[in-house]
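Novice: coordinates only, sequence not included:
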């Protein structure tokens, strides 16, 4: 029996230290919800999870861009629909003004409404969305639709600088006579045809944007799942490990106490 060196206590202290360290790490994982508390836990996983996280954030930013572009296109289409309603009514007024049973005085009454609708179309040409012209002179808008910076162009809708619409507003088209009403009808029919093409372009852009938004959502969900498998703790597994480490710490503490008592038995030989 020896007193100076207690190898049993030293070994118990070492094992207790290891169990305590493992218990603290398990506690940190459960409290944070992260499997990787320190980069040393999984060096490669830390790097991969970090890249996934950055890509997920970029995808969300791209999704926000696409959502704003959809709102922009919806606003465009809403105004175009109102222009279409105005042109429909103007074409109807142009037909009514060609009725030979009506006098020019009667036609001037139709022309009053015609001119107000004409002014309405001219005013819409200057509308904007957050300071961005909805109906510019022909420049398309570029929208970022992917985390790698891929872009698409929104089809330009040109009303302010379109000759088919300009011929209605300036110089003023009137239906105050049967001949002018017939000429106005021809111009309006052309404008309606152009407007139909514009709405088709806007609808096609909206369809593409909605598809891009859906694709971004799918990509984000799958990347989030992949990142979760690397970085997120399995609570059930870690709870079991936590309970195991608790038992080891408690038993290690008890055994260290017992190991420290063993040298005292040497006193019986001396006394």
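Specialist: Done, it's in. Worth saying up front: this structure is predicted, and the values here are computed from it rather than measured.
Novice: just the helices in the stretch 1-150 of the chain please.
Specialist: For the stretch 1-150 of the chain, the helices defined by DSSP state H, counting those that start in this stretch occupy 7-32, 43-97, 104-124.
Novice: any chance of these in JSON lines, with mean pLDDT too?
Specialist: JSON lines is the format used below for those (pLDDT from 0 to 100):
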{"stretch": "helix 7-32", "mean pLDDT": "85"}
{"stretch": "helix 43-97", "mean pLDDT": "92"}
{"stretch": "helix 104-124", "mean pLDDT": "89"}
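Novice: quick one, which of those is nearest to residue 181?
Specialist: Nearest of the helices of the stretch 1-150 of the chain to residue 181, taken as C-beta to C-beta: helix 43-97 at 3.6 Å. C-beta coordinates here come from the backbone N, C-alpha and C atoms, glycine included.
Novice: how close does the nearest residue to residue 117 once chain neighbours are set aside get to residue 269?
Specialist: Take residue 117 and drop its neighbours on the chain: the residue closest to it by C-beta to C-beta, 6 or more residues apart in numbering is residue 86, 4.4 Å away. Distance from residue 86 to residue 269, counting by C-beta to C-beta, to the nearest Å: 114 Å.
Novice: which of the two has more neighbours?
Specialist: Counted by other C-beta atoms under 10 Å, residue 86 and residue 269 do not tie: residue 86 has more neighbours, with 22 against 7.
Novice: In contact with the more buried one, which residues?
Specialist: Taking C-beta atoms under 8 Å, 6 or more residues apart in numbering, we find residue 86 in contact with 117, 120, 121.
Novice: In those residues, which residue is surrounded by the most others?
Specialist: Ranking the contacts of residue 86 using other C-beta under 10 Å puts residue 121 first, with 20 neighbours.
Novice: So residue 270 versus residue 263, what's the distance?
Specialist: Distance of residue 270 to residue 263, given as C-beta to C-beta: 12 Å.
Novice: who's more crowded, the two?
Specialist: Set residue 270 next to residue 263 and count neighbours by other C-beta under 10 Å: residue 263 wins out with 16 against 6.
Novice: you'd agree that one is up against residue 7?
Specialist: No. Residue 263 is beyond contact range of residue 7, at 10.9 Å (criterion: C-beta atoms under 8 Å).
Novice: And the pLDDT for residue 163?
Specialist: What the model reports as pLDDT for residue 163 is 55.
Novice: the strands in the stretch 151-271 of the chain, which residues?
Specialist: 151-154 (DSSP state E, counting those that start in this stretch).
Novice: Any stretches of it with poor pLDDT?
Specialist: Within the stretch 151-271 of the chain, the ranges that satisfy pLDDT under 70 run 160-172, 271.
Novice: hmm, 80 instead?
Specialist: Along the stretch 151-271 of the chain, the model assigns pLDDT under 80 to residues 156, 158-173, 261-271.
Novice: Who are the contact partners of residue 113?
Specialist: Per C-beta under 8 Å, 6+ apart, neighbours of residue 113: 89, 93.
Novice: Mind doing that once more with 7 Å?
Specialist: The neighbours of residue 113, taking C-beta atoms under 7 Å, 6 or more residues apart in numbering as the test, are residue 93.
Novice: now residue 128
Specialist: residue 134.
Novice: what separates it from residue 180, distance-wise?
Specialist: As judged by C-beta to C-beta, residue 128 and residue 180 stand 33 Å apart.
Novice: ok, now residue 81?
Specialist: Counting by C-beta to C-beta, the gap from residue 81 to residue 180 is 27 Å.
Novice: In terms of packing, which of these two has more residues around it?
Specialist: Per other C-beta under 10 Å, whichever of residue 81 and residue 180 has more neighbours is residue 180, with 18 against 13.
Novice: So this structure: which segments form each domain?
Specialist: The chain breaks down by automatic domain parsing into domains covering 8-33+234-270, 44-231.
Novice: most centrally placed residue in the chain?
Specialist: Residue closest to the average C-alpha location in the chain (C-alpha atoms, centre = their mean): residue 63, at 2.6 Å.
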